[in-house]
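S.K.: sequence-free structure coming up:
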């Protein structure tokens, strides 16, 4: 914590991601996304170099665990209307899932099922 929104946006651009988790030591303090920037900076006439991340981040962060299925993650993201979901294992963040990650996985699963059905039909 302690960074400006401008610095966070720079990190997002550098890493080509749409969100960053915000840590307070080892504790998950929040998440900041491009959507937060658009809604809480641009639309409110604020400036990113003069606004701290903690002023606009989402502090009540929905998250998932390694054991949860893709369908459960999709349900959480749909219910909360979020696009990024941190993954927690033994109290530590081990990754973040985007809605794009879930869509790619679902498409790959469906493609596999289609291929299996096509093999069954043609054999």
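M.R.: Good, I have the coordinates. In this text, all values refer to a predicted model and were calculated from it rather than measured experimentally.
S.K.: show me where the protein has its strands.
M.R.: 19-24, 27-33, 64-65, 84-89, 92-98 (DSSP state E).
S.K.: may I have the strands that pair with the shortest one, each with its orientation?
M.R.: When pairs are called by DSSP bridges, strand 64-65 turns out to pair with strand 84-89 (parallel).
S.K.: residues contacting the strand it pairs with, please?
M.R.: 18-19, 21, 28, 31, 33, 61-66, 73, 76-77, 93-99 (Cβ atoms under 8 Å, 6 or more residues apart in numbering). No exception for glycine: its C-beta is placed from N, CA and C like everyone else's.
S.K.: next, residue 51: phi, psi?
M.R.: Main-chain torsions, residue 51, degrees, to the nearest 10: phi -120, psi 130.
S.K.: apart from its chain neighbours, what residue comes closest to it?
M.R.: In space, and not counting its chain neighbours, residue 51 is closest to residue 5: 4.7 Å by Cβ to Cβ, 6 or more residues apart in numbering.
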